[in-house]
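> Got a sequence here, can you build the structure:
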Amino acid sequence: MKSLEEMIAAAQNAAQTIQTQMEQAQTVLDTIEVEGASGGGLVKIRATAKGRILGVSIDDSLMVASEKQMLEDLIAAAINDCRTKADAKSNEEMAKLTQGLPLPAGFKMPFS
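Have a look, this model is predicted:
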């Protein structure tokens, strides 16, 4: 039977390994790109799976002063679409990371 000290050391090593893997996963998430769109592709937002916005593309046909409110709505919708895709990609990558870990059912890792 292992001593209490050995079990504590093993738990600390496992926690350090998980922490290192989480840091690596966060770095990977910032390199994965997703694109959200609205208005049939007239407004596009590019972001990382971590949620950092990389770019905004607005079709010239939307650059009409009288359509300002519609453009603002389309931008918000494209950002939300992009965020949804970024979250899905992030969850997919994190699932790969936690796949072999002995975690209780429903356990959520803290992600930033």
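> Could you verify my assumption that Ala77 touches Leu42?
No: using C-beta atoms under 8 Å, Ala77 is not in contact with Leu42, being 10.6 Å away. Backbone N, C-alpha and C define where each C-beta goes, glycine included.
> Using neighbour counts, pick out the buried residues of whatever helix or strand Ala88 lives in.
Under the criterion of DSSP states H and E, Ala88 resides in helix 68-98. Neighbour-count burial for helix 68-98, counted by 16 or more other C-beta atoms under 10 Å, picks out 71, 74-75, 77-79, 81-83, 85-86, 89-90, 93-94, 98.
> Same question for stretch 50-58.
Residues of stretch 50-58 classed as buried by neighbour count (16+ other C-beta under 10 Å): 50, 58.
> I'd like the average pLDDT over it.
The average of the pLDDT scores along stretch 50-58 is 91.
> what does it contact?
Under the criterion C-beta atoms under 8 Å, 6 or more residues apart in numbering, residues 26, 29-30, 33, 42-48, 71, 75, 78-79, 82-83, 86, 90 lie in contact with stretch 50-58.
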